[in-house]
Structures are given as C-alpha cells and as structure tokens.
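1. Let me see the structure of the following:
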Amino acid sequence: MIKLFYKLSNFTLKSQFGEFSSNDIYPVSMKEHSTGIDFTLNDEITYFIPLHGKDSVYNAMIAIKVGQQFNLDQQSIKQGLKQVEITEMRFQMLKGKSGTTIINDAWNASPASVKAAIETFEQLVGYKKKIIVLGDML
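-> Below you'll find the model as predicted:
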C-alpha cells in the first residue's frame, strides 16, 4: 500500500476525459440497466460498472486510464470495474414495499451532486415506482 501511494504521488497523467470526441477518452455509447451501466469508449472496448449515471462513467474512464498507465491488462481493469462497490447513501438503490425502488443519495450533497442524482433518477426506466431521498447541502 505504501509503494502505491509513493508511485501515485510521483505520477502525472496528461489526458482529457469527457463527453465529446474532442477529448482523448470519451464514451461512444452508454446503456443503463437495473444493475449498472455498459459503456464503450473510443478505444472500442466495452466495460460494465455496477453504478448508475454518466458521472459514474466519467469516473470509471479515469480509473481505466490510470490502470493502463500502470500496465494493468484489460481483463483486470474490466474485472476491477465490475467489482466496484457503491458508498452507502451515494445513489444507493434500495428495495421498498410493493415494488418501490428507493434511491438514497443523502450523503454530503453539493449542488452538482444533487443535479447529477436527479438527472440520473429521471433516466432510470423499468421501475414500478421510484423515490429519491436527498440530503441537505452544507
């Protein structure tokens, strides 16, 4: 663990990440499922993360690039992304009564995170009834 922090503290990565093709790394497709997102990047490799929302894809793109810089093979990167665990109260999906899905996004909110949570919530399809719980902003 200490070596990893040492390596990271001396590590510089110069790449642009984002939604558009003007970036070095960008998604060419994203498909939401009840269990997460399948997405393909401009390198034509498809990945899966057990998270929701395009912001999660952007975070995953950074993780992919860092993994590549440390010479991890694609299979290891893909497997690592599949095993990502969500932090409690950060777009945490819970099953409620009578088929209700509850989205708990109540931890340490900011205007940007609340906006992203609401946008992602609106895009979720295939749910009988969905409820979002948001926290206060400090």
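2. On the secondary structure side, give me the element for Ser29.
-> Secondary structure assignment for Ser29, by DSSP states H and E: strand 27-33.
3. Packing partners of that strand?
-> Under the contact criterion of 3 or more Cβ pairs under 8 Å, 6 or more residues apart in numbering; DSSP states H and E, strand 27-33 touches strand 36-41, helix 54-69. Just so you know, the C-beta spots here come from the backbone N, C-alpha and C atoms, and that holds for glycine as well.
4. which stretch in the ones you listed has the least confidence?
-> Sorting those by mean pLDDT places helix 54-69 lowest, at a mean of 92.
5. Take the helices and strands packed on strand 27-33 and write them to JSON lines, including mean neighbour count.
-> Listed next are those as JSON lines, based on neighbours: other Cβ atoms under 10 Å:
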{"stretch": "strand 36-41", "mean neighbour count": "18"}
{"stretch": "helix 54-69", "mean neighbour count": "18"}
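6. Tell me which of those sits nearest to Ile25.
-> Closest of the helices and strands packed on strand 27-33 to Ile25 is helix 54-69, at 5.1 Å (criterion: Cβ to Cβ).
7. which other residues reach that closest one?
-> The contact list for helix 54-69 (Cβ atoms under 8 Å, 6 or more residues apart in numbering) reads 11, 13, 15, 17-19, 25-27, 30, 37, 39, 41, 47, 49, 51, 76-77, 80-81, 84, 116, 120.
8. Below-threshold pLDDT in this protein: ranges please.
-> Along the chain, segments meeting pLDDT under 70 span 1-13.
9. where exactly do the helices run in it?
-> 2-9, 54-69, 74-82, 111-123 (DSSP state H).
10. Reformat those helices as TSV; add distance to Gly135.
-> Listed next are the helices of the chain as TSV, based on distance: least, Cβ to Cβ, whole Å:
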stretch	distance to Gly135
helix 2-9	30
helix 54-69	17
helix 74-82	27
helix 111-123	8
